[in-house]
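next comes the sequence, and after it the predicted model I'd like to discuss.
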Amino acid sequence: MSNKVLNKTSSVPIASALRRGGIRGGAKIQSALLRALVYLAAGLTFGALICLILYILIKGIPNLSLDLFSPTYNTENVSLFPALVNTITMTLLSLIIAVPLGVFSAIYLVEYAKRGNKIVGLVRITTETLQGIPSIVYGLFGFLLFVTTFSWGYSLLAGALTLVIMILPVIMRTTEEALKSVPDSYREGSFGLGAGRLRTVFKIVLPSAVPGILSGVVLSVGRIVGETAALIYTAGTVAQVPPNLLGSGRTMAVHMYALWSEGLNTEQSYATAVVLLLIVVLLNAASGALAKKITLK
Amino acid sequence: MHGVFLFCACVSILAVALICVFLFANGIPAMKEIGLFDFLLGKRWKPGNDIYGILPMILGSIYVTAGAVVIGVPIGILAAVFMTRFCPDRLRRLLKPAVDLLAGIPSVVYGFFGLMVIVPTIRRIFGGSGTSMLAASIVLGIMILPTIISVSESSLGAVPESYYEGARALGASHERAVFLTVLPAAKSGVLAGVILGIGRAIGETMAVIMVAGNQAAMPGGLLKGVRTMTANIVLEMGYAADLHREALIATAVVLFVFILIINLSFSILKRRSESK
């Protein structure tokens, strides 16, 4: 009862919030309980991560064999090597298109667009939308546009172009942030020395923003490597390295999905999971190192 | 060069426009042919008999997402609280990359882990096949953790230190200061993280397919199999033709509308928490 009265008279929100449970008495138990819950949640989160990694490593490493890396796939060796090659091709192809596109659009947004430009607002909204679209919707779109409308069939090119749209917002956003963090004095100094806007952007601003841009690139490589749903119906699931970019080929993640849907090769799935996991860990370490470089500056 | 930069900036606008045009142009005629009411509220999905009702899949997506929220949201928020207020700096420097790693692990690997560990565990404890709504919810609950943690963490970090100090000065314990003043102050940011997590969960495909059982029937309970909208598309797109294919694209349209609504509420919340 007294608590209620105090609440009504108190105008300080913090104080009233503190009184709600009574300062003495239950407070100690409540604090201990909250503390226990926080520790439990943290334990569960990082426990799950450790469990997952250890499980995949312990089950997967014994299944890594030379057979898995033989140059061609057949039902005997279930080689993941073609998938590995396709993953690398897919990554390079997507990056070659997406990085210039993303970096240039970020340059436009940060260096060229004037305040209150209508296009900027629209670009912001659309990139936010793109970031939320599930990968299966991208996959379906890529299927409808590239595979059927352009009649390329299932192909690496169709897959890569689908991925370009997917990673574009990531590269744009990280580049934008990197460009914004370049101090204005750099630009002013360059303008003061008589350089034009274009020269300033390419000679002064971009070089200082490189680590930030790279960390975005690494992030998108991670997404490409792990992507499955967007690729099944664009790049297809053929387990070989195609002769050219218009041929179908599965990446590592798709390979793993295909192994599951065939339902036969559990050991090879474990091994593929290990390789995927290793790639992701390496990429994360690289992006972390790059991020550190930015903050040190 | 100005034109080139402008053109590149417009690519994302073009992409969204193309995605909308292609999805709607291919999906809406199918909805018309099947009948919007029969399509959205039909309880039976039998492509062989030209019966296309996606209510089971819509409910499947909603239930599985709700399950993921029940599991992932409390754990995620509490873990974010741990990282901002309960752990020493040195440990935090270790945990941050761990959260990023959790976000970077491919969904097929999550699915595979679920299939090999979570599904057999459920089978052992509750019987049945194990591939179930519960398994999908657990896997998705883990998968949305990094999203919720990182968004909540940054909004918790943005709360002015004076809130915490004020509460301590009034005699509150560390825990009560955090939970009764800092967490409420970060409310809208945390909520934005939750919404982002919901978007992830409802759009997730591969991990769900591998553990959910995928029966195209009305969801029958926590331990029964479900099929989500995403799973429906992936499982049948490979061999679908004509109206069946269009019905699958129409399923994607429904999913897309769900995502647009979720995105919209996310950006409204984000704006609100930034403007504060």
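Happy to help now that I have it.

what's the helix ranked longest in chain A packed up against?
Looking across chain A with DSSP state H, the single longest helix is helix A:26-60. Here helix A:26-60 touches helix A:266-296, helix B:55-81, helix B:89-104, helix B:107-113, helix B:133-157, helix B:174-177, going by 3 or more Cβ pairs under 8 Å, 6 or more residues apart in numbering or on different chains; DSSP states H and E. For glycine as for every other residue, the C-beta is placed from the backbone atoms N, C-alpha and C.

using TSV, lay out these together with distance to B:Phe126, mean pLDDT and mean neighbour count.
Output for the helices and strands packed on helix A:26-60, formatted as TSV (distance: least, Cβ to Cβ, whole Å; pLDDT from 0 to 100; neighbours: other Cβ atoms under 10 Å in any protein chain shown):
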stretch	distance to B:Phe126	mean pLDDT	mean neighbour count
helix A:266-296	23	85	19
helix B:55-81	15	96	23
helix B:89-104	27	91	16
helix B:107-113	19	94	26
helix B:133-157	8	94	25
helix B:174-177	35	92	21
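
redo the ones you listed as CSV? Include distance to B:Tyr239.
Shown next, in CSV, are those (distance: least, Cβ to Cβ, whole Å):
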stretch, distance to B:Tyr239
helix A:266-296, 23
helix B:55-81, 18
helix B:89-104, 33
helix B:107-113, 21
helix B:133-157, 24
helix B:174-177, 56
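
so which of those is nearest B:Ile13?
Of all the helices and strands packed on helix A:26-60, helix B:133-157 sits nearest to B:Ile13, with 25.6 Å by Cβ to Cβ.

and the next element down the chain from the longest helix of chain A?
Next helix or strand after helix A:26-60 toward the C-terminus (DSSP states H and E): helix A:81-107.

and that next one, what does it pack onto?
With contacts taken as 3+ Cβ pairs under 8 Å, 6+ apart, helix A:81-107 sits against helix A:156-180, helix A:206-226, helix A:252-262, helix B:2-34.

need these in TSV with mean neighbour count, can you?
Output for the helices and strands packed on helix A:81-107, formatted as TSV (neighbours: other Cβ atoms under 10 Å in any protein chain shown):
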stretch	mean neighbour count
helix A:156-180	24
helix A:206-226	21
helix A:252-262	23
helix B:2-34	17
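
and of those helices, who's closest to A:Leu44?
Closest to A:Leu44 of these, according to Cβ to Cβ: helix A:206-226, at 23.1 Å.

give me the contact status of stretch A:194-201 with chain B.
Yes - Stretch A:194-201 lies within reach of chain B by Cβ under 8 Å from any Cβ of the partner chain, at A:Leu198.

go through that stretch and flag the buried ones.
Buried residues in stretch A:194-201, counted by 16 or more other Cβ atoms under 10 Å in any protein chain shown: A:195, A:200-201.

the stretch 151-297 of chain A against chain B: which residues are in contact?
Selection of the stretch 151-297 of chain A residues close to chain B by Cβ under 8 Å from any Cβ yields A:165, A:168-169, A:172, A:198, A:222, A:225-229, A:232-233, A:253, A:256-257, A:260, A:269, A:273, A:276-277, A:280-281, A:283-285, A:287-288.

so who does A:Gly189 touch?
If you count contacts by Cβ atoms under 8 Å, 6 or more residues apart in numbering or on different chains, A:Gly189 has them with A:Ile204.

now the host helix or strand of it - C-alpha only, CSV.
A:Gly189 belongs to helix A:184-192 when elements are defined using DSSP H and E. The C-alpha atoms that make up helix A:184-192 are tabulated as CSV, following Å, rounded to 0.1, in the frame of the first residue of the first chain:
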residue,chain,number,x,y,z
ASP,A,184,36.0,16.4,-44.0
SER,A,185,39.4,18.1,-43.5
TYR,A,186,40.8,15.6,-46.0
ARG,A,187,38.3,16.7,-48.6
GLU,A,188,38.9,20.4,-47.8
GLY,A,189,42.6,20.0,-48.1
SER,A,190,42.3,18.3,-51.4
PHE,A,191,39.9,20.9,-52.8
GLY,A,192,42.2,23.6,-51.4
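
tell me how many other residues crowd the closest residue to chain A within the stretch 151-276 of chain B.
Nearest residue of the stretch 151-276 of chain B to chain A (Cβ to the nearest Cβ) works out as B:Gly203 at 2.6 Å. Residues lying near B:Gly203 (other Cβ atoms under 10 Å in any protein chain shown) number 25.

show me the contacts for it.
A:132-137, B:230, B:255, B:259.

likewise B:Ala136?
By Cβ under 8 Å, 6+ apart, B:Ala136 lies in contact with B:64, B:67-68, B:114, B:207-208, B:211-212, B:226, B:228.

near chain A, which of those residues show up?
Applying Cβ under 8 Å from any Cβ to the contacts of B:Ala136, one finds that nothing falls near chain A.

most neighbours out of these, which is it?
Compared across those, B:Val208 has the highest neighbour count, 35 neighbours, by other Cβ under 10 Å.

quick check, it in a helix?
Yes - per DSSP: H, G, I helix; E, B strand; the rest coil, B:Val208 lies within a helix segment.

buried residues in the longest helix of chain A?
Using 16+ other Cβ under 10 Å as the test for burial, helix A:26-60 gives A:27, A:30-31, A:34-35, A:37-38, A:40-42, A:44-46, A:48-49, A:52-53, A:55-56, A:59-60.

got the angle for that helix vs helix B:55-81?
110 degrees (axes from the mean of the first three to the mean of the last three Cα atoms, to 10 degrees).

quick revisit: any chance of the helices and strands packed on helix A:81-107 in JSON lines, with mean pLDDT too?
Below are the helices and strands packed on helix A:81-107 laid out as JSON lines (pLDDT from 0 to 100):
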{"stretch": "helix A:156-180", "mean pLDDT": "94"}
{"stretch": "helix A:206-226", "mean pLDDT": "90"}
{"stretch": "helix A:252-262", "mean pLDDT": "90"}
{"stretch": "helix B:2-34", "mean pLDDT": "92"}
